[in-house]
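J.: sequence and predicted structure below; questions after.
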Amino acid sequence: MVAEQLIEDIRTSRPGVEVKEVPYQQRGYWFDLSAGPEDIEEVARLFDRHGYYIEDVCCVDFKEYLQLVYHFNHWDDPRRVSVRVNLPAEEPVVPSISGVYEGAGWHEREIHEFFGVHFENHPNLSYLFLHEGIDFYPLRKEKVPVPEERKRLLSSLPVSESDDVFFVNMGPQHPSTHGVLRLILKMDGEYIERAEPVLGYLHRMQEKMAENRTYLKYLPNASRLDYVGAMSYNLCYVRAVERLCGIEAPPRAEYVRVIAVELNRIASHLLWLGTYLLDLGAFTPFLYAFDDREQILDLLEGITGSRLTYCYCRFGGLYNDVDEDFIEGVKAFLKRMWKRFKIYNDLVTGNVIFIHRTKDIGVIPKEIARRYGVTGPNLRASGVGYDLRKAEPYGAYRELGVEVATGEKGDALDRYLVRLQEMENSLRVIERAIKELPNGSYRVEVRKLKPPEGDVYFAVEGPRGEVGVYIVSDGSTTPYRLKWRSPSFSNLTCFPEISRGVLIADAVSILGSLDLVIPEMDR
Amino acid sequence: MRVLRKAFGDDLVRIGFGLVGTGFVALLVLLLLGLLGMKVWKLFAPYGREAIRAIVGLVGVLGFVLFNALLLVWAERKVAGHMQRRLGPKEVGPYGLLQSIADSLKLLGKEILTPRFVDRPLYYLAPIIVFIPVLVAFVVIPFDARLQVRDINVGIVLILAFSSLNVIAILLAGWSSMNKYSLIGGIRSVSQNIAYEIPLLLSLLPVILLAGSLSLKEIVEAQSKVWFVFYQPIAFIIYFICAVAETNRTPFDLPEAESELVAGFHTEYSGMRFAMFFLAEFTNVFIVSAIATTFFLGGYKGPVLPGIIWFFLKAYLLVFIIMWFRWTFPRVRFDQLLNFSWKFLIPLALANLIVTGWCLKL
């Protein structure tokens, strides 16, 4: 197995690294590595050699010291490995691994501005979310002032006099950035020489909020992160806390969760379909897709009470049980939806202009996807059949199983086709889940929510990719640190790479095909 | 400008410009009056009917342009609505017919904003220039056998020459707006219009060869027996594609591509200035359809019904098809658009022209 070989290699080349095997069912990862700051670059290189992809980098402030936690995972051997690096609280410095994993560069920038960790040899250590007026590092437990020279903004890209280029600020108010994403485009005519995304226009400090309220009170916040696929975030948070406390939800609840999440996934893909074609200049499919999405929203409103940011999954079960009306409604929807794919295929898939706009545009090769940590349909379009519902099955997916749709080349057309295929697969999962829906109670009683000390990582397959949450508990009723791994964030990291040298029209097409949701990136 | 402003202050400069402007307009009016008094009157004295005809025709054209644009805006929204499984406007007036009047009143009532750093003279000029070719084209279109303002023997040349002005207006708007998106939109428009004007002309030439005239009326008369679309199906298709491109409609609406360039060349225009671009676009759609009707579909010729009704039926059918395109197709990419014209449409149109010429020679 890959993981054992990797551990072997690390032991031989870096004997200082401490390796522990941890129980997956409680912690959410298999191996726990502790490395020194001097080891991390070499360790990352070994991970790279064995084909691991970067999941997440996060930082935890333990007052006496800071701890960087890197999560790596493998497509073929999906056993998560976490690497810890302890840094002194005063002047924390660590070598950057963005030379090995380019995708980590963005996570490092995030840590740099929230914790004040300095990453050596980082190509561009400037603010990503915050503005320069920030006085204290926001996620540090104690008040640590930001030194004046560290307040670096990505204010301008270097341009020399002889360059025949100009800059376009695409966003934060632009019709095709779907929210408030800002892209600084260095343009040569209509060709993009370099694109640099700037985030933070929807930053709400969700992770700090988690530290200030109890596990229960934070529950509705989770779905606010991603208003398009809210159910996945809700489920991810609930399951992570359940894993931390050792709570088991009853089977009926697990099945209903799957139905709800898959319905939400279809709704999310439909919204993507509509807005993507809107980006390409076709207005009509948008309204068709929203018509279908509306049916799902009505169904989910019936059981959850809200139309967009659901708070349906609760610790140990659900908010309420599904009734006969919902089941009938889902059946009617399934019947309707199966017929609708023909309309989409007739209207969009075969269209010559559409094919010309998407074929061979924005190709994400497997290698790039791995180094940037691209997940979800974007990864599967590149031909990697990696889906957390299959790789790390959770809940009712263990019994239901799920078909994984894959593309070939990884261009925008493949991403479109994969998403269409995924909708069909989701319909099949829902059909099975409805048929096999067990009877029984829909929740277990959870009296007092006080998880034991420790940490947990949990990831579900959201509509956009791997939605992960890393929770550190100090044994109290509030999380000590909560870190979201949002798929859009990691998916966007590869945008500057794949948009180099393309036309502005293609950049819009690529950006749309990545299916980004801005509040989820900004957190 | 800056020197003037420094020397006299903002208000004085404004008043100065106002005075000069008023003087200029007064001069123009005087000139016109002089022309009318001295020459036109004398010239048209023996042809009194002609003069009246010209004036009535111009007023009629102006009225029709506005009416047509309002109708098309309404029609487009209705067509879009029904294609998208919704109703479209339905509140104001019967079937929402008065909606576009309400909208235009709203636009008229809006403050006309002028962004600070625009190139003012050009910025003001663009929406006016965009409207001139629109008005001129109507003068020569034969709506019926006897319903035509002037039958000029080079009618089609007049229309095409003036419709090229459209490009200048869009370029002016894009250039003067001091906005990068507008600039890209304006530049796109120029290269697009140049690329598509050539196949457009080349697709009309075979018809001119067949009819043996440049006068629109004679072209219609030449189709008494068979419509030219049956002789020249390829030319008709090429013309129609180019017409959609010339009017900047989807799938060729790159100068104003919303998802890429926000609103392209008219990003910085608001209120009635924006409405001028809007009106011009819709009128242009009608004009290209009217030319297609005249050249390929037998103009006002048709059984039973009076000619004018036939003409409008055919023209509005083509307008409907253009709308249908818009609500069905995605937008093409810019380089694809240009390649399509230079590498495919122009050679095809040329070949068609040569074959037609050869056949006629036989």
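T.: Structure's in. What do you need? Keep in mind that this is a model prediction, so the values were computed, not measured.

J.: and residue A:90, how close does it get to chain B?
T.: 46 Å (Cβ to the nearest Cβ, to the nearest Å). C-betas here are computed from N, CA, C, even on glycine.

J.: for residue A:123, that is, sorry about that
T.: Residue A:123 is 27 Å from chain B, by Cβ to the nearest Cβ.

J.: what's the neighbour count on that residue?
T.: Residues lying near residue A:123 (other Cβ atoms under 10 Å in any protein chain shown) number 10.

J.: show me which residues of the stretch 201-350 of chain B sit near chain A.
T.: B:250-251, B:253, B:257-260, B:262, B:326-336 (Cβ under 8 Å from any Cβ of the partner chain).

J.: try 10 Å this time
T.: B:250-254, B:257-263, B:326-337, B:340 (Cβ under 10 Å from any Cβ of the partner chain).

J.: tell me the pLDDT at the residue of the stretch 1-150 of chain B found nearest chain A?
T.: Residue nearest to chain A within the stretch 1-150 of chain B (Cβ to the nearest Cβ): residue B:84, separated by 4.0 Å. The score at residue B:84 is 84. That number is its pLDDT.

J.: not counting sequence-adjacent ones, nearest residue to it?
T.: The shortest distance from residue B:84 to any non-neighbouring residue, by Cβ to Cβ, 6 or more residues apart in numbering or on different chains, is to residue A:287 (4.0 Å).

J.: pick out the residue of chain A closest to chain B.
T.: residue A:281 (2.8 Å).

J.: quick check: closest non-adjacent residue to that residue.
T.: Residue A:281 sits nearest to residue B:331 (Cβ to Cβ, 6+ apart), 2.8 Å away.

J.: check residue A:343 too.
T.: residue A:288 is the one closest to residue A:343 (Cβ to Cβ, 6+ apart), at 6.4 Å.

J.: what about chain A, any weak spots by pLDDT?
T.: Where chain A drops to pLDDT under 70, the residues are A:152-163.

J.: show me how it divides into domains.
T.: A:2-150, A:206-522 (automatic domain parsing).

J.: so residue B:344 is in contact with residue B:199, correct?
T.: Yes: applying Cβ atoms under 10 Å as the test, residue B:344 and residue B:199 come out as touching, 9.0 Å apart.

J.: so which of these two has more stuff around it?
T.: Neighbour comparison, residue B:344 and residue B:199: the larger count goes to residue B:199, with 26 against 13 (by other Cβ under 10 Å).

J.: am I right that that one falls within a helix?
T.: Yes: assigned with DSSP: H, G, I helix; E, B strand; the rest coil, residue B:199 falls within a helix.

J.: got a list of what the residue nearest to residue A:343 touches?
T.: A:270, A:273, A:274, A:277, A:340, A:343, A:344, A:347, A:348, B:83, B:84, B:85 (Cβ atoms under 10 Å, 6 or more residues apart in numbering or on different chains).

J.: which residues touch the closest residue to residue A:132 other than its chain neighbours?
T.: Distance criterion Cβ to Cβ, 6+ apart; nearest residue to residue A:132, sequence neighbours excluded, is residue A:151 at 4.5 Å. Counting by Cβ under 10 Å, 6+ apart, residue A:151 touches A:113, A:126, A:127, A:130, A:131, A:132, A:133, A:134, A:135.

J.: mind checking how far residue A:151 is from residue A:133?
T.: Distance of residue A:151 to residue A:133, computed by Cβ to Cβ, to the nearest Å: 8 Å.

J.: just how off-centre is stretch B:132-145 within its chain?
T.: Between the centre of stretch B:132-145 and the centre of its chain there are 11 Å (Cα atoms, centre = their mean, to the nearest Å).

J.: circling back: farthest pair within the contacts of residue A:288?
T.: A:270 and B:83 (18.6 Å; Cβ to Cβ).

J.: distance of the residue lying closest to residue B:215 once chain neighbours are set aside from residue B:287?
T.: Once flanking residues are discounted, residue B:215 sits nearest to residue B:153: 4.8 Å by Cβ to Cβ, 6+ apart. Residue B:153 sits 20 Å away from residue B:287, going by Cβ to Cβ.

J.: now residue B:272
T.: 21 Å.

J.: what residues are up against the residue of the stretch 1-150 of chain B closest to chain A?
T.: Residue B:84 neighbours (Cβ under 10 Å, 6+ apart): A:283, A:284, A:285, A:286, A:287, A:288, A:290, A:291, B:327.

J.: surely the residue nearest to residue B:215 is in a strand?
T.: No: looking at residue B:153 with three-state DSSP, it is coil, so not inside a strand.

J.: so what touches whichever strand or helix holds residue A:338?
T.: Applying DSSP states H and E as the criterion places residue A:338 in helix A:324-344. Contact with helix A:324-344 is made by A:256, A:259-260, A:262-263, A:266, A:270, A:273, A:277, A:285, A:288-289, A:291-292, A:295-296, A:298-300, A:302-303, A:322-323, A:349, A:416, A:420-421, A:423-424, A:426-428, A:430-431, A:433-434, A:437, as judged by Cβ under 10 Å, 6+ apart.
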